[in-house]
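> Build the 3D model from these lines:
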Amino acid sequence: MEALTVSFEDLTLDFHSLGLHAPGCFICARLIANDGAITIASGYVFTELGFSLAESSNLRFRSQMMTALRKFMEKEGLTQANAAKRLKVSQPRISDLTSGKTSRFSLDTLVNILADASL
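The predicted model follows:
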């Protein structure tokens with residue numbers, strides 16, 4: 001696998017949308033220490049950023065499930081209110097989902113929402 005270099009702007013925007021970034025976070029500290037870039041050699045950005053293999057897998061799975069749900073909502077043309085009714089969650093939960101706030105969803109919760117979406 002060829003190594004990929006990710007810029008500070010690209011990575012922090014992704015992590016902000018995933019709800020994983022906080023002021024003074026180690027991700028930004030590592031990026032700054034590396035002149036604004038991290039080289040991703042393994043293909044697993046979360047592992048490269050220092051998460052354990054278990055944490056990295058969990059974050060990757062949650063991100064993939066949330067992306068699938070966002071694509072489903074877009075394909076179906078659902079508003080947040082309609083998506084909330086269809087997926088049996090509150091509208092603020094849909095807002096968290098569409099904002100990519102990964103930290104607010106467990107794997108179990110996402111599996112249940114995916115089931116309600118018949119995905």
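> for the record, mean pLDDT for the strand or helix carrying residue 110?
Here residue 110 sits within helix 107-116, counting by DSSP states H and E. What helix 107-116 shows for mean pLDDT is 94.
> and that helix, which residues are buried?
Residues 110, 113-114 are the ones in helix 107-116 that count as buried (16 or more other C-beta atoms under 10 Å). Yep, even glycine has a C-beta here, placed from its N, CA and C like the rest.
> which among those residues gets closest to residue 83?
residue 113 (9.7 Å; C-beta to C-beta).
> so what's that closest one up against?
69, 87-89, 97 (C-beta atoms under 8 Å, 6 or more residues apart in numbering).
> quick one, strands of this structure?
4-7, 37-40 (DSSP state E).
> mean pLDDT lowest for which of the ones you listed?
Lowest mean pLDDT of these: strand 4-7, a mean of 48.
> What about residue 105, how many residues nearby?
19 (other C-beta atoms under 10 Å).
> From residue 77, how far off is it?
23 Å (C-beta to C-beta, to the nearest Å).
> ditto for residue 52
For residue 52, the distance to residue 77 - C-beta to C-beta - is 39 Å.
> Distance of the residue nearest to residue 89 when sequence neighbours are not counted relative to residue 99?
Nearest non-adjacent residue to residue 89, counting by C-beta to C-beta, 6 or more residues apart in numbering: residue 113, 6.4 Å away. Between residue 113 and residue 99 the distance is 15 Å, computed by C-beta to C-beta.
> Could you save the buried residues of helix 107-116 as JSON lines and add columns showing distance to residue 73?
Listed next are the buried residues of helix 107-116 as JSON lines, based on distance: C-beta to C-beta, whole Å:
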{"residue": "110", "distance to residue 73": "14"}
{"residue": "113", "distance to residue 73": "11"}
{"residue": "114", "distance to residue 73": "12"}
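> Against which helices or strands is the longest helix along the chain packed?
Counting by DSSP state H, the longest helix found in the chain is helix 53-76. Secondary-structure packing of helix 53-76 (3 or more C-beta pairs under 8 Å, 6 or more residues apart in numbering; DSSP states H and E): helix 45-48, helix 80-87, helix 91-98, helix 107-116.
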